[in-house]
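In: all I have is the shape, not the residue letters:
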């Protein structure tokens, strides 16, 4: 499959998954502060790794991941209807800590600058 088509599918799937998670899943375990960071679909369209970021405690992150995994069949059906793909990938949800990691690094840099008396 051409790389530009795969990138297009990843982008469109990210948009649709964001909408489905925000508006379609009624599971109380899924946090309202969950967002789709990235989607990586395999070239054969059999599997999709969905990177999710959840703002909240570790318990909220775990519950959101459990809720999304239990709703994976519903999510797959919705994606299939919305995107009209011949093969709808099986979803694998993973927590993405990159935003929190970046915020932590920015906090450390700010503290270092404050110690030296510099302003950003």
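Out: Thanks, I have it. Since the structure is predicted, the reported quantities are computational estimates derived from the model, not experimental observations.

In: what about the helices in this protein?
Out: Counting by DSSP state H, the chain has helices at residues 3-19, 58-70, 72-83, 98-116.

In: quick one, which of those gets closest to residue 31.
Out: Set against residue 31 and scored by Cβ to Cβ, those come closest in helix 58-70, at 4.6 Å. C-beta: built from backbone N, CA, C; applies to glycine.

In: and that closest one, average pLDDT?
Out: On average, the pLDDT along helix 58-70 is 93.

In: next: stretch 31-41.
Out: Mean pLDDT, computed over stretch 31-41, is 92.

In: buried residues in it, which are they?
Out: For stretch 31-41, the neighbour count (16 or more other Cβ atoms under 10 Å) marks 31, 34-37, 39-41 as buried.

In: got the helices of the chain as a markdown table, with distance to residue 45 columns?
Out: Shown next, in a markdown table, are the helices of the chain (distance: least, Cβ to Cβ, whole Å):
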| stretch | distance to residue 45 |
| --- | --- |
| helix 3-19 | 7 |
| helix 58-70 | 20 |
| helix 72-83 | 10 |
| helix 98-116 | 25 |
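
In: do I have it right that residue 64 meets residue 32?
Out: No: assessed by Cβ atoms under 8 Å, residue 64 is found out of contact with residue 32, at 9.6 Å.

In: so who does residue 16 touch?
Out: Neighbour list for residue 16: 78-79, 82-83 [criterion: Cβ atoms under 8 Å, 6 or more residues apart in numbering].

In: as CSV, the buried residues of stretch 31-41 with distance to residue 5 would be great.
Out: Formatted as CSV, the buried residues of stretch 31-41 follow (distance: Cβ to Cβ, whole Å):
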residue, distance to residue 5
31, 32
34, 28
35, 25
36, 20
37, 21
39, 14
40, 14
41, 10
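
In: sorry, back to before: the helices of the chain: which one's closest to residue 48?
Out: Using Cβ to Cβ, the helices of the chain put helix 3-19 closest to residue 48, at 6.5 Å.

In: now that closest one, how far from the centre of its chain.
Out: Counting by Cα atoms, centre = their mean, to the nearest Å, helix 3-19 is centred 12 Å from the centre of its parent chain.
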